[in-house]
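Asker: Output the structure for:
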Amino acid sequence: MSITNEELLQLLEMAKMATPRPWYLRNLDDTHAMNLVGISTVPDTGKGERWPKFDSGEIVAATLVQEPRYVDVADKKWDENARYIIAAANLVPDLVKEVLDLRRKLGC
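Answerer: Okay, here's the model as predicted:
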């Protein structure tokens with residue numbers, strides 16, 4: 001089944017309504033100095049900051065919050081999931097525009 005132009009335009013609209021990109025992987029510490037893997041609007045500092053030494057307003061989502069154990073997927077692919085979410089958020093709008101442009105050039 002082919003993705004329609006309308007569905008592609010909906011994806012672009014959702015991307016416009018979401019927190020502006022680019023998004024980045026952040027490796028932080030949570031309340032008890034355990035891991036917190038976040039998706040952030042600013043790059044990782046490499047310091048593994050512990051709350052409140054990072055701005056929670058920069059965090060879009062998390063794939064791991066260990067203490068308390070709020071977010072902890074069973075397969076333990078926290079970093080992989082975060083990288084995938086970040087890649088999709090950063091690249092999908094450009095891919096959609098490219099597909100729509102190619103379809104327009106092909107008369108589809």
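
Asker: what ranges do the strands span in this protein?
Answerer: 24-29, 35-40, 59-65, 71-72 (DSSP state E).

Asker: For residue 48, which of these is the nearest?
Answerer: For these, distance to residue 48 was read as CB to CB. The smallest value, 5.6 Å, belongs to strand 24-29. C-beta: built from backbone N, CA, C; applies to glycine.

Asker: Quick check: which of the strands of the chain is buried the most?
Answerer: Among the strands of the chain, strand 35-40 has the highest mean neighbour count (mean count of other CB atoms under 10 Å), at a mean of 22.

Asker: Okay, angle between that strand and strand 59-65 too, please.
Answerer: Direction vectors for strand 35-40 and strand 59-65, defined by axes from the mean of the first three to the mean of the last three CA atoms, to 10 degrees, enclose an angle of 160 degrees.

Asker: Columns mean pLDDT on top of the strands of the chain, output as a markdown table?
Answerer: Formatted as a markdown table, the strands of the chain follow (pLDDT from 0 to 100):
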| stretch | mean pLDDT |
| --- | --- |
| strand 24-29 | 94 |
| strand 35-40 | 94 |
| strand 59-65 | 95 |
| strand 71-72 | 92 |
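
Asker: need the ones you listed in a markdown table with distance to residue 49, can you?
Answerer: Formatted as a markdown table, these follow (distance: least, CB to CB, whole Å):
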| stretch | distance to residue 49 |
| --- | --- |
| strand 24-29 | 6 |
| strand 35-40 | 9 |
| strand 59-65 | 11 |
| strand 71-72 | 18 |
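
Asker: Can you check which of those gets nearest to residue 84?
Answerer: Of all the strands of the chain, strand 59-65 sits nearest to residue 84, with 9.3 Å by CB to CB.

Asker: what number of residues lie near residue 18?
Answerer: Burial of residue 18, expressed as a neighbour count using other CB atoms under 10 Å, amounts to 12.

Asker: so what's it closest to, chain neighbours aside?
Answerer: Closest residue to residue 18 apart from its sequence neighbours, by CB to CB, 6 or more residues apart in numbering: residue 89 at 7.2 Å.
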